[in-house]
Every structure is written in C-alpha cells, then in structure tokens.
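Student: model this:
(one chain, ligands or ions: 1)
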Amino acid sequence: MEKDVVCGMEVDGKNAESFEYKGKKYYFCSRACKEKFLRGPENYLAKKH
Ligand SMILES: [Zn+2]
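Tutor: Just a heads-up that it's a prediction; the model follows:
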C-alpha cells in the first residue's frame, strides 16, 4: 500500500492515480487529490519533514 500525501489515506499503488514528482512517485486515492497535489506539491511534501 502507498500513502496518499494529500488526504492521508492508504491507496493501492496498482490502481491508484499516480504522479512522479522530483524523481519520486506519489499515489492518490482519487483524481481530486492528485489535482490538489499538482496545484501545490510542496505544501504536501513539507508536512512530512
Ligand atoms: Zn486522497
């Protein structure tokens, strides 16, 4: 399982929406979460560190 960094949900990497950003692949539970991420990736990445 992969973690959706936008909403925090666990997602199945095989079927999920995904996007590669700065060499790392991110997975999303839905297109809506992916779009939120695309609008401001750094907002979501900053929370983790
Ligand atoms: Zn989500």
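
Student: which residue packs closest to residue 19, ignoring adjacent ones?
Tutor: Among residues not flanking residue 19 along the chain, residue 26 sits closest, at 5.4 Å (Cβ to Cβ, 6 or more residues apart in numbering). To be clear about C-beta, it is placed using only N, CA and C from the backbone, and glycine gets the same treatment.

Student: If you could redo that for residue 21, that was the one I meant.
Tutor: Using Cβ to Cβ, 6+ apart, the closest residue to residue 21 is residue 41 (5.3 Å).

Student: Can you pull the phi and psi angles for that neighbour?
Tutor: Backbone torsions for residue 41, taken as degrees, to the nearest 10, come to phi -50, psi -40.

Student: now the helix or strand harbouring the residue nearest to residue 19, how far from the centre of its chain.
Tutor: Using DSSP states H and E, residue 26 falls within strand 24-28. Centre-to-centre, strand 24-28 and its host chain are 5 Å apart (Cα atoms, centre = their mean, to the nearest Å).

Student: buried ones in that strand?
Tutor: 26, 27, 28 (16 or more other Cβ atoms under 10 Å).

Student: With stretch 18-36 instead?
Tutor: Under the neighbour-count criterion of 16+ other Cβ under 10 Å, stretch 18-36 has 26, 27, 28, 29, 33, 34, 36 buried.

Student: still on that earlier bit, what about the strand holding residue 26, average pLDDT?
Tutor: The average pLDDT within strand 24-28 is 96.

Student: Report all helices and strands that that strand contacts.
Tutor: strand 2-3, strand 17-21, helix 31-39 (3 or more Cβ pairs under 8 Å, 6 or more residues apart in numbering; DSSP states H and E).
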